[in-house]
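Undergrad: Give the three-dimensional model of this entry:
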Amino acid sequence: MEPFAIQSGVNQTVRPVLALDSSLTAVLKEGRTVAGEVLQTMDGHSLLIGVGRHRVPAQSHVEMQAGDRFLARVEETPEGTVLRVLGGRPGAESPLVVALRSVVGKDMPVGQLLEELSGALQKAIHALGDDDGALLKLIRSIGEHVYIPGTSGEELQRLLARSGLDYEALLLAVADAQRSSSSLEAVGTELLEKLLANLKGQLGQAGFGLSGAQEKELTQLLRQILGQLANTGMGSRGELHQEVTRELLQQGLRALSAKFEGEGRDALLAALPKALVAILGGAGQPTPIAEKLLLILAAQRDTALLAQNLKAELLGALDRLPEGAERTAVSKALAGLESEQLLNLARREFHEGWHLSLPVPDGERWATAHLFYFDPDPDPSSPQSGGDDMQRLTLAVDFSRIGPLRAEIGVREGLVAVRMTVSSPVVAEHLRAQLGELEEGLSFGGRVARATVVLGTREEAGVDPLSQDIRWLREHHLMDLSG
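TA: Predicted coordinates for the structure are as follows:
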């Protein structure tokens with residue numbers, strides 16, 4: 001059944017009638033857009049709706065039937081939490097169905113797509129030449145999206161951030177940040193003034209003062225350190241806050257130790273950590289000036305990522321290349337990437353996790369590493385979660401020589417568990433011989449690691465069951481039967 005579409009001119013809200021527990025409050029945050037489903041209709045406008053894993057009694061001002069699905073924005077009103085239903089005209093076809101039809105059948109593994117694209121570009125160079133080097137540059141750029149085993153987790157994080165699957169969201173984030181933020185120089189000046197005032201206040205309380213020359217020296221040092229923050233790395237907003245605080249502290253202590261002497265230096269070194277907490281805030285609680293700084297740094301980081309984003313590079317190549325085999329190969333790679341973006345939107349409808357993929361070396365060709373991530377329930381004590389707070393990740397790769405390998409990974413506090421399924425007895429024996437080393441490598445941070453190897457069929461070790469099992473697609477027909 002299509003998502004529920006409401007009639008215009010009607011009060012378009014659904015209101016939960018019971019107090020929200022902590023798990024549901026985590027889901028129904030104001031401003032969020034959630035997917036809901038009518039599980040049961042009762043007397044009048046009384047409903048039982050499903051939101052994620054939660055079953056919620058509710059009152060509706062719109063006529064709804066069991067099986068209706070809808071998108072709604074969470075709003076807080078004087079009467080409590082309401083879900084304002086979003087939708088278009090009755091009977092309108094789902095935009096996601098229309099979009100998926102345009103790329104259906106083009107969801108090939110990214111390793112195969114990029115390998116074919118690279119081959120088409122090499123053929124074009126041999127046949128037509130490459131006077132300005134643009135095709136060779138594109139080939140090298142494509143190669144930079146291949147994950148090389150043994151590289152760091154930080155490099156893997158960068159590759160996933162540049163995979164193209166969240167390109168539009170990244171564009172929107174950069175645009176929002178640029179509209180709502182000041183320049184780094186302006187915010188840096190404001191932060192510097194607050195930091196200097198705090199340091200001077202602490203020094204005064206300790207019986208020390210700064211001469212004009214010392215204050216100028218201190219100002220220059222702090223300004224230099226602030227200027228280097230533009231190179232701050234990846235991570236969430238919270239991780240960025242921690243990194244900014246850490247960089248300012250470490251570089252500040254190093255600079256002050258080198259430029260100041262005696263008891264005054266000791267007093268400055270003791271004052272700096274307290275000043276940074278006062279100005280930037282503690283872990284997870286940034287101050288308003290810190291929020292401004294984080295917004296600018298995140299926008300700068302995201303802008304740099306955009307230039308290296310796979311989808312951005314493909315779109316740029318599509319715009320530059322003339323009609324021909326190489327342009328067709330670029331278009332095919334773009335369609336495959338957009339197909340995976342749309343399939344992830346379909347997964348989101350029923351909270352079925354996310355699918356990410358990366359090309360990996362496989363002899364002379366590229367295979368595709370498929371990563372499926374599933375979030376745990378926000379409240380592990382809720383009945384819907386079954387008490388399971390484990391984060392789950394499945395990795396599946398089909399190599400040309402050793403066959404398919406599927407690793408199911410579960411992580412919770414104090415435990416990491418890995419279950420690998422392969423179809424080759426030789427590969428299974430080889431992996432079992434290395435389980436001790438694997439468990440030792442995973443036992444960091446005080447966690448207990450458990451790893452097992454299971455011999456299964458090609459289907460059990462493969463990726464297809466995971467990539468194709470999407471509830472939304474089972475309920476929506478992509479084939480147009482109207483003709």
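Undergrad: contacts and neighbour counts: CA atoms only from here.
TA: Noted.
Undergrad: Would you list the phi and psi of the residue nearest to Arg73 when sequence neighbours are not counted?
TA: The shortest distance from Arg73 to any non-neighbouring residue, by CA to CA, 6 or more residues apart in numbering, is to Thr33 (4.4 Å). Torsion angles at Thr33 (phi, psi; degrees, to the nearest 10) stand at phi -100, psi 130.
Undergrad: how about Thr33, what does it touch?
TA: Leu71, Ala72, Arg73, Val74 (CA atoms under 8 Å, 6 or more residues apart in numbering).
Undergrad: try it again with 10 Å
TA: Residues counted as contacts of Thr33 (CA atoms under 10 Å, 6 or more residues apart in numbering) are Val27, Leu71, Ala72, Arg73, Val74, Glu75, Leu83, Arg84, Val85, Leu86.
Undergrad: Equivalent analysis for Gly164, please.
TA: By CA under 10 Å, 6+ apart, the contact list for Gly164 reads 170, 306, 308-314, 334, 337-338, 341, 356.
Undergrad: on that earlier part again, the residue nearest to Arg73 and Glu475: what is the separation?
TA: Distance, Thr33 to Glu475, using CA to CA, to the nearest Å: 21 Å.
Undergrad: list the buried ones in the helix or strand containing Leu318?
TA: Taking DSSP states H and E as the definition, Leu318 sits inside helix 310-320. Within helix 310-320, the residues that count as buried by 16 or more other CA atoms under 10 Å are Leu310, Lys311, Ala312, Glu313, Leu314, Ala317, Leu318.
Undergrad: How many residues are close by the residue nearest to Ala35 when sequence neighbours are not counted?
TA: In this structure, Ala35 finds its nearest non-sequential neighbour in Leu71, 4.6 Å apart by CA to CA, 6+ apart. Look at Leu71: counted by other CA atoms under 10 Å, it has 19 neighbours.
Undergrad: Hmm, Gly50 and Leu71 touching each other?
TA: No. If you go by CA atoms under 10 Å, Leu71 and Gly50 don't touch, sitting 11.7 Å apart.
Undergrad: who touches both of the two?
TA: What both Leu71 and Gly50 touch, as defined by CA under 10 Å, 6+ apart, is the set Ala35, Gly36, Glu37.
Undergrad: before we move on, the earlier item: as TSV, the contacts of Gly164 with distance to His61 would be great.
TA: TSV is the format used below for the contacts of Gly164 (distance: CA to CA, whole Å):
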residue	distance to His61
Leu170	36
Leu306	43
Gln308	48
Asn309	44
Leu310	45
Lys311	42
Ala312	44
Glu313	47
Leu314	46
Leu334	43
Leu337	40
Glu338	37
Gln341	34
Leu356	39
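Undergrad: Closest one to Glu63 out of those residues, please.
TA: Glu63 lies nearest to Gln341 out of the contacts of Gly164, by CA to CA, at 32.7 Å.
Undergrad: number of nearby residues for the closest one?
TA: 21.
Undergrad: now do the one 10 residues further on
TA: Here the count is done by other CA under 10 Å, and His351 has 17 residues near it.
Undergrad: isn't there a strand covering it?
TA: No. Under DSSP: H, G, I helix; E, B strand; the rest coil, His351 sits outside any strand and is assigned coil.
Undergrad: Let me know the pLDDT of the residue of the chain most remote from its centre.
TA: Distance to the chain centre peaks in the chain at Gly207, reaching 49.3 Å (criterion: CA atoms, centre = their mean). We have a pLDDT of 87 for Gly207.
Undergrad: Can you classify it as helix, strand or coil?
TA: Here Gly207 is recorded as coil under three-state DSSP.
Undergrad: Surely it and Leu268 touch.
TA: No. Applying CA under 10 Å, one finds Gly207 not in contact with Leu268, separated by 11.7 Å.
Undergrad: how about low-confidence regions in the stretch 151-300 of the chain?
TA: Residues of the stretch 151-300 of the chain meeting the criterion pLDDT under 70: 176-182, 230-236.
Undergrad: which residues touch stretch 211-222?
TA: Stretch 211-222 is contacted by residues 188, 192-193, 195-196, 200, 209-210, 223, 226, 248, 251-252, 255-256, 259-260 when judged by CA under 10 Å, 6+ apart.
Undergrad: How about stretch 249-256?
TA: Residues outside stretch 249-256 that contact it (CA under 10 Å, 6+ apart): 217-218, 221-222, 224-226, 228, 243, 246-248, 257-258, 265-266, 268-270, 272-277.
Undergrad: let's see it at 6 Å
TA: Contacts to stretch 249-256, defined as CA atoms under 6 Å, 6 or more residues apart in numbering, come from no residue at all.
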